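Student: What follows is a predicted protein model with its sequence.
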Amino acid sequence: MSSLGTALSAAQSALSVNQSLIGITGDNIANLDNPDYARRQATVEEMPPLQLGQFTIGTGVKLGQITSMRDAVLNLRIAAESSDIAKSSHFVDGMTQVANLFPADGSSGLSAALDSFWASWQGLSSDPSSSGAREQVFAASQSLASAFRNSSSALAATTSSTAQNLSQEVTQANELLSRIADLNGSAASDTPMLRDQQDELIGSLAKIMDISVLRNGGLLQITSSSGALLVSGISHKSLQSNVTNGVYGISANGYDITSDIGRGSIGGELQLLNQALPGLQSRLDTLSTGVAAAVNGAYGHPFFSGTGAASMQLAVPDSSQIQSGASNLAGDNSIALAVADLRTSSVVSGQTASQYHAESAFQVGEQISYATAQRDAAQQMLDSMNKQRQSVEGVSIDQEAANLMQYQRAYSAAARILTAIDEMLRTAMTIGASTTG
Amino acid sequence: MRADLSLTSNLVDAIRNAKETQDEAIQQLSSGKRLRSISDDPAAAAQLIGLHSSSAALDAYTAGTATVRARFAAADSALATGVQLATRAVSLAVSGSNGTVSAAERQSIASELQGVQDQLLATANSQFNGRYLFSGEADSSPAFASVNGAVTYQGSHPATVEIADGVQIANGQAGNALFGSDGSNIFDALSGMIQSLSSNSSPQNSVAALQSSLNQLITNRVSYGSAMSAMDDAVTSATDSKQRVDTEQNQIDGADMTTAASALTQAQVAQSAASAAFSKVASMSLFDYLPR
């Protein structure tokens, strides 16, 4: 009897273990499309055997440990690569808005406005007493001033939308830091589910800023790239964006960590806000000031007013007041000729206005093309690492199908044993009945 | 998914790449241009900005020179009339100097000369587009005015115009360079002659003065012809330069249509192949073979 009972409980344990295994397979299949889910796998262990005299009798099987298949080092590298991609792509997005100010063939925008401006003065110099030529100068001058103002306001718009993104991303980073700290608090043990959640949070945070992650069992410690503590145990720092004299920065509980953030979307936004956009604005102002000063000098009176691209205005109220010459003679074209000649003069930093503007276009194009190349290279790295990660963590539907078949067979076999033992017990009971009866 | 996912994600990448290539090719084919943005080729974009600027300047020179040339042509034709009138005056003066001419004939020559003088003054005050051609910069008022019987120059020196980068020419000649300075101009010579003839004396002295004025007019008129030919040269040269700029722009920014068209076809084929493979892979699973 005792050995039949042992066999019965062994078969029962096999049934329940295989049920659990099928359950895990079900979980894996259910999370087929969940990118943060790492494939789970269970180990099975033999139950302690019974010692009956000189015989050792097995008592069945039990579930060992359920583990997630993951490569922690690979995941950190993936997070770092995502930081790079986020930085470059945010930078590229911002600069692409700005690039619209520089049409690739120079046929519109500020460079075309400059071209038309010089051409209109050239026209007036050939026909100084023509009111039509005067009107053209007036219109071209207004267009030039407005092209400077529009370029400046487009830069300002990009700056303000980038600053807005920055503060949104800081808010999001704070939320992620607080969730990581919360998980640290609630983590009773290091379970696969906890790891999945932590990996997801780290991945999201890495896209926002570059971080260092230190794992101690189920607990995560997050620091900035140079080691400023952001999450330790259940406490986390609160990040804040600030702007001082036009320079944007990030602080953690008041401690400045701006120089720590070189990557992630915040890294890209800081590069835009502190370097690329102000650099371009200053070149635009230099150009507008250079052109205005040269034109005003040649004109002899204020022709353009304003103190930079944003405030540039035509100071002459109407076309009839545009002077072509210094004297009051109708055919005097000396001023028109002098202004038209500025086209080929070094009016900005030893360059002509057109050369200076073309150099700005080159710089913007080069920055975009460099960041795009960086982004694409990082994306390729990430793609290949993601494939590598998928081969470790990813659920293969074929493998799960094979496992399912295996567990199903094992379950049927255990059930078959149960039926056999049942029949044997019934037989044994029949023997007892006929003997007593 | 594991192995299966990387398969499908490879195919998704392939389809995305094919679409990007198609977009680029279609853009190139429709615009005929290679660069979509300055970031496609920053150095080329900077060059294109410079070329566009050169092109605009060449257009401005061509248009401006055409305006100046039209004015010069009008001036030259007015001067041709002036030369005819002055020549006629000289021949009238010569016949008036003849000792056999009667007083009545001198009177009639004098009145004809008066007509010539009036026409010559009108010619010297010729206008083009409402502007006096021979007044120099003071072209809103007539070049010469008759004050108390003396015709004097009212204008100024001519302006300078630029017909090509760095090439400046005088915007015509001042009226006093063409018709003579105050006190010794062609009108004074004619007046002296008319006076002599009216008082029935031989205008011997005035003939020489008139002849010299005519010579001055003829000599100075030549500058209009040479300026117009300089302008024609400048326009030809600007047209050539513009052609070179166009060629250069096209070399930098022109799309290679053949390459773009074949890239488009290739990308379309690649996309449909990847799509077909996708539908096959997506339906592949061991589950299809499990007993039901």
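Tutor: Cool, got the structure.
Student: Up against chain A, what does the stretch 151-292 of chain B have?
Tutor: Selection of the stretch 151-292 of chain B residues close to chain A by CB under 8 Å from any CB of the partner chain yields B:156, B:158-162, B:165, B:168, B:171, B:249, B:253, B:285-287, B:290. No exception for glycine: its C-beta is placed from N, CA and C like everyone else's.
Student: between those residues, which is nearest residue B:279?
Tutor: Checking these against residue B:279 by CB to CB gives residue B:285 as the nearest, at 13.6 Å.
Student: quick one: the nearest residue to that closest one once chain neighbours are set aside from residue A:388, how far?
Tutor: In space, not counting the residues next to it along the chain, residue B:285 is nearest to residue A:397; the distance is 5.4 Å by CB to CB, 6 or more residues apart in numbering or on different chains. When CB to CB, to the nearest Å is the yardstick, residue A:397 and residue A:388 sit 19 Å from each other.
Student: So between these two, which is more surrounded?
Tutor: Relative neighbour count places residue A:397 above the other of residue A:397 and residue A:388, with 20 against 15, counting by other CB atoms under 10 Å in any protein chain shown.
Student: how near is that one to residue A:169?
Tutor: 36 Å.
Student: Same check on residue B:150?
Tutor: In this view, residue B:150 and residue A:169 are 87 Å apart by CB to CB.
Student: which one of these two has more residues nearby?
Tutor: Neighbours per residue, other CB under 10 Å: of residue B:150 and residue A:169, the larger number sits with residue A:169, 23 against 13.
Student: helices or strands next to the helix or strand hosting residue B:212 in the packing?
Tutor: When secondary structure is defined by DSSP states H and E, residue B:212 falls within helix B:204-253. The helices and strands touching helix B:204-253, judged by 3 or more CB pairs under 8 Å, 6 or more residues apart in numbering or on different chains; DSSP states H and E, are helix B:42-97, strand B:160-164, strand B:167-170, helix B:175-179, helix B:186-198.
Student: what's the third one in contact with?
Tutor: Applying CB atoms under 8 Å, 6 or more residues apart in numbering or on different chains, the contact partners of strand B:167-170 are A:337, B:158-163, B:223, B:227, B:230-231, B:234.
Student: Could you rerun that using 10 Å?
Tutor: Counting by CB atoms under 10 Å, 6 or more residues apart in numbering or on different chains, strand B:167-170 makes contact with A:125, A:337, A:341, B:61, B:65, B:68, B:72, B:136, B:157-163, B:177, B:223, B:226-227, B:230-231, B:233-234, B:237, all of which sit outside it.
Student: Give the buried residues for that strand.
Tutor: In terms of neighbour count (16 or more other CB atoms under 10 Å in any protein chain shown), strand B:167-170 has its buried residues at residue B:169.
Student: Kindly export it (C-alpha atoms) in CSV.
Tutor: Backbone C-alpha positions of strand B:167-170 (Å, rounded to 0.1, in the frame of the first residue of the first chain) are rendered in CSV as follows:
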residue,chain,number,x,y,z
VAL,B,167,33.5,98.4,-64.3
GLN,B,168,32.3,102.0,-64.0
ILE,B,169,31.6,104.3,-66.9
ALA,B,170,30.3,107.9,-67.0
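Student: Spell out which strands sit alongside that strand in the sheet and which way each one runs.
Tutor: Note on strand B:167-170: by DSSP bridges, its sheet partners are strand B:160-164 (antiparallel).
Student: Please parse chain A into its domains.
Tutor: According to the domain assignment given by automatic domain parsing, chain A is divided into the following structural domains: A:2-69+A:394-436, A:75-386.
Student: Tell me how many other residues crowd the closest residue to residue B:55 other than its chain neighbours.
Tutor: Among residues not flanking residue B:55 along the chain, residue B:245 sits closest, at 4.8 Å (CB to CB, 6+ apart). By the measure other CB under 10 Å, the count of residues near residue B:245 is 19.
Student: next one: residue A:162
Tutor: 23.
Student: Was I right to think it contacts residue A:269?
Tutor: Yes - in this structure, residue A:162 sits in contact with residue A:269. The criterion is CB atoms under 10 Å, and the distance is 5.3 Å.
Student: okay, and the common contacts of the two?
Tutor: A:90-91, A:93-94, A:248.
Student: Could you pull out the helices in chain A for me?
Tutor: Assigned helices in chain A, in chain order: A:2-30, A:72-99, A:109-126, A:131-186, A:192-208, A:264-271, A:277-299, A:334-341, A:353-393, A:397-436 (criterion: DSSP state H).
Student: got the buried residues for the last one?
Tutor: Same thing as helix A:397-436. Within helix A:397-436, the residues that qualify as buried are A:397-401, A:403-405, A:407-408, A:410-411, A:414, A:417-418, A:421, counting by 16+ other CB under 10 Å.
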